[in-house]
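J.: okay, sequence plus prediction incoming.
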Amino acid sequence: MNLTTLDHRLDATAQSCRAIIETPKGGRAKFTYDPKAEAFELKRLLPDGMSFPLDFGFVPSTRVEDGDPIDILVLNDEPTPTGTLVAVRLIGVIEAEQSEQGRNFRNDRLLAVAKVSRMFERVRAIGDLGEAFVKNLTQFWVNYNALRGADFRVIALKGAEEAARLVGRASLG
């Protein structure tokens with residue numbers, strides 16, 4: 001089964017959808033789903049001392065400017081295993097531009113809370129995470145891309161309504 005074409009089940013009113021986790025929080029191994037092989041591929045390893053700050057994955061049945069499904073970061077009580085389908089509540093988006101191999105493109109990161117989370121059930125907006133947390137989160141992406149020779153620049157932080165709009169706009173069906 002091709003996970004990229006699963007129904008994302010966007011509910012724009014509830015600002016919720018589904019996500020597939022590629023890389024669990026705390027891991028150094030970056031996994032990427034390969035729809036042709038229908039498997040997760042190990043793409044790179046982060047250096048010692050650097051790990052993914054949140055579960056990282058994608059919203060199925062979407063496609064954005066870089067040709068991939070839209071990226072999503074998910075807050076959850078425990079790291080979520082690679083390949084897990086998670087119902088999430090959107091809380092915002094990190095709007096960003098990436099430069100790689102002479103090409104500039106948007107590469108936004110949705111932010112969401114797993115619907116089953118108890119620790120983060122009261123988080124409704126990016127501001128609820130605190131300024132230091134958000135600064136560290138955005139800096140992770142700057143550093144992560146610098147390791148690959150790419151530039152990542154945060155344009156803006158926006159709310160759940162914009163995140164839901166981006167999912168709708170990127171929808172394949």
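T.: Here it is on my side, so go on.

J.: which parts of this protein are strands?
T.: For the chain, the strands defined by DSSP state E cover 16-23, 29-34, 39-45, 55-58, 71-75, 85-100, 103-106, 109-114, 151-159.

J.: by mean pLDDT, show me the worst of those strands.
T.: The minimum mean pLDDT among those belongs to strand 103-106 (a mean of 91).

J.: roughly how far apart are L85 and R103?
T.: 31 Å (CB to CB, to the nearest Å). Yep, even glycine has a C-beta here, placed from its N, CA and C like the rest.

J.: out of those two, which sits in the more crowded spot?
T.: Set side by side, L85 and R103 show more neighbours around L85, with 13 against 9, by other CB atoms under 10 Å.

J.: who are the contact partners of the more buried one?
T.: 3, 6, 18-20 (CB atoms under 8 Å, 6 or more residues apart in numbering).

J.: what subset of those is buried?
T.: 3, 18-20 (16 or more other CB atoms under 10 Å).

J.: which of the residues you listed lies closest to A96?
T.: Among the buried ones among the contacts of L85, A19 lies closest to A96 (CB to CB), at 18.0 Å.

J.: which residues does the closest one contact?
T.: 57-60, 72, 74, 85-86, 88, 112.

J.: give me the distance between the residue located most distally from the centre of the chain and D151.
T.: Most distant from the centre of the chain: G102, at 23.7 Å, with distances by CA atoms, centre = their mean. Applying CB to CB, the value for G102 to D151 is 11 Å.

J.: please apply the same query to A29.
T.: Taking CB to CB, one finds A29 at 24 Å from D151.

J.: before we move on, what about E78?
T.: In terms of CB to CB, E78 sits 33 Å off from D151.

J.: go on, M1?
T.: According to CB to CB, M1 and D151 sit 36 Å apart.
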